[in-house]
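[1] Give the three-dimensional model of this entry:
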Amino acid sequence: MQVHLILESANPPERLAELAVLAENAGITGLWTSNMHDGRDPFVNFVPAAQATSRIRMGPVAVSPYELHPLKMGNALLTLNEIAGGRAHIGISAGDGGTAFAMGMKTERRLRAMRECVDIIDAMATGELMSYKGEMYQVRWYNASWAKSPKPKVYVCAGGPQLLKSSAKYAEGIYLGDHHPEHVAAVRAAIDPEIEAHNPHKDDFQLLNFWAWHVKDDEEAALAECRMWLAARVTPWPAYYHEVLPDKDEMQIIWDNTDALNRAFYNQNPDIPEIPRELLDKLSRCCSSCSPTDRIDIEIAKMQAFKDAGLTDICLRIYDEPEKSIELIGKHVVPNV
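    Numbering: from 1, shown residues only. The predicted structure follows:
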């Protein structure tokens, strides 16, 4: 299993470059930044990192064809890919959150939008003259003859059963979000038959997962940081994983207080008095890697469980003190998975 890092999208480009060098030296495979509507442009922001490194991959997640036409998305990706010498990657999402939500965009016919977006970018990346007339998107007379670098990696961000099944037939990889090892195994069982029967990339298909990393010297600091970000996890939301906490009454308390989770997130304040502290700690440890460094073996075992479930790439979102996290992940996670 390969290890990636997800860095803070608000970092300036020179800061991303510094962290990219550290991550590459630590044996990290790839870097990502979330495509936030109020963050720095994720393509432009990676340019100094691309110039400062030679092996590590990089790019944004998740970019939606509802916010950026596939032609413009492909152009930005191919430009970064050229600067990086073929090391760019992207996660494409048809979700209605994030930037598309901030723009008030309607997200209709998601399966079709995703398929056409991937098809267009794949055709653009050949460097040959292409046109495309889809049901939702069109491209006329595009010829990126300058695109000589190896093709960038294009992943579909999926979670629901329909998009998982659909994208398993054509995508070179699927990017999950906050899935537990048990969820990864269930996804594998659902998509593997489709991959085997239809996917031209079946021999090197990748399954990635976004996962929050809150591992610090002080356990209280780790838990406090995690509480501030619980609203960003999909796990507390009823539309997703009902079995996050096996006790339904406990999970109902979480669902009844999502406004409190949102307040903690937007204020970056770990105090959430509406939910019992022991329940918050249980949720934190369940939906992220949240341990003190002297018990990092707990998280190594979790990473191994992801690998055993069929994950090929784990993408660890790191927060405060990223240098320490990079050193810790490079020393303990990379060599063990």
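[2] residue ranges for the strands of the chain, please.
    Applying DSSP state E to the chain gives strands spanning 2-7, 30-34, 57-63, 89-92, 130-133, 138-142, 153-157, 173-177, 206-216, 289-292, 313-317.
[3] Please tabulate those strands in TSV, including the columns mean neighbour count and mean pLDDT.
    Just so you know, the C-beta spots here come from the backbone N, C-alpha and C atoms, and that holds for glycine as well. As requested, the strands of the chain are exported to TSV (neighbours: other C-beta atoms under 10 Å; pLDDT from 0 to 100):
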stretch	mean neighbour count	mean pLDDT
strand 2-7	23	98
strand 30-34	24	97
strand 57-63	26	96
strand 89-92	27	98
strand 130-133	13	97
strand 138-142	13	96
strand 153-157	23	98
strand 173-177	22	97
strand 206-216	24	98
strand 289-292	22	98
strand 313-317	23	98
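[4] okay, the helix or strand of the chain with the lowest mean pLDDT in PDB with CA atoms only?
    Sorting the helices and strands of the chain by mean pLDDT, DSSP states H and E puts helix 98-102 at the bottom, at a mean of 71. What follows is helix 98-102, C-alpha atoms only, in PDB (Å, rounded to 0.1, in the frame of the first residue of the first chain):
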ATOM      1  CA  GLY A  98     -17.400  22.200  -1.600                       C
ATOM      2  CA  THR A  99     -16.800  24.600  -4.500                       C
ATOM      3  CA  ALA A 100     -19.800  23.600  -6.600                       C
ATOM      4  CA  PHE A 101     -22.000  24.200  -3.500                       C
ATOM      5  CA  ALA A 102     -20.400  27.600  -2.900                       C
END
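[5] follow-up on the earlier one: can you tell me which of the strands of the chain comes nearest to G330?
    Set against G330 and scored by C-beta to C-beta, those come closest in strand 2-7, at 8.4 Å.
[6] got the CA coordinates for that closest one in PDB?
    Presented in PDB, the C-alpha positions along strand 2-7 are these (Å, rounded to 0.1, in the frame of the first residue of the first chain):
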ATOM      1  CA  GLN A   2       1.300   3.400  -1.000                       C
ATOM      2  CA  VAL A   3       1.200   6.400   1.400                       C
ATOM      3  CA  HIS A   4       0.100   9.900   0.400                       C
ATOM      4  CA  LEU A   5      -0.400  13.100   2.300                       C
ATOM      5  CA  ILE A   6      -3.100  15.700   2.100                       C
ATOM      6  CA  LEU A   7      -1.800  19.100   3.000                       C
END
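[7] any idea of the angle it forms with strand 313-317?
    Here strand 2-7 points in a direction 20 degrees away from that of strand 313-317 (axes from the mean of the first three to the mean of the last three C-alpha atoms, to 10 degrees).
[8] start the count at 281, not 1, going forward
    With 281 as the first residue, the last one maps to strand 282-287.
[9] Show me what strand 282-287 is packed against.
    Helices and strands touching strand 282-287, by 3 or more C-beta pairs under 8 Å, 6 or more residues apart in numbering; DSSP states H and E, are helix 293-305, strand 310-314, strand 593-597, helix 602-608.
[10] which stretches of the stretch 481-617 of the chain form helices?
    In the stretch 481-617 of the chain, the helices defined using DSSP state H, counting those that start in this stretch lie at 499-508, 528-536, 538-547, 557-567, 577-589, 602-608.
[11] Please identify the deepest-packed of these.
    Stretch with highest mean neighbour count among those: helix 499-508 (a mean of 20; mean count of other C-beta atoms under 10 Å).
[12] any weak-confidence spans in the stretch 381-530 of the chain?
    519-523 (pLDDT under 70).
[13] Wait, G319 touches P293, no?
    No. Counting by C-beta atoms under 8 Å, G319 does not reach P293; the two are 12.0 Å apart.
[14] rewinding a little: closest one to I555 among the strands of the chain?
    Closest of the strands of the chain to I555 is strand 569-572, at 15.6 Å (criterion: C-beta to C-beta).
[15] ok, so what distance separates H284 from W517?
    H284 sits at a distance of 24 Å from W517 (criterion: C-beta to C-beta, to the nearest Å).
[16] before we move on, what about S568?
    Counting by C-beta to C-beta, the gap from S568 to W517 is 15 Å.
[17] Those two: which is more packed in?
    More crowded of S568 and W517, by other C-beta atoms under 10 Å: S568, with 25 against 15.
[18] May I have the phi/psi pair for the more buried one?
    Note on S568: its backbone torsions stand at phi -160, psi 170 [degrees, to the nearest 10].
[19] Which residues does the residue nearest to L596 when sequence neighbours are not counted form beta bridges with?
    Leaving out its chain neighbours, the residue that sits closest to L596 by C-beta to C-beta, 6 or more residues apart in numbering is W493, at 4.2 Å. Judged by DSSP bridges, the bridge partners of W493 are S569.
[20] thought W493 was touching I609?
    Yes. W493 lies in contact with I609 (C-beta under 8 Å); the separation is 7.2 Å.
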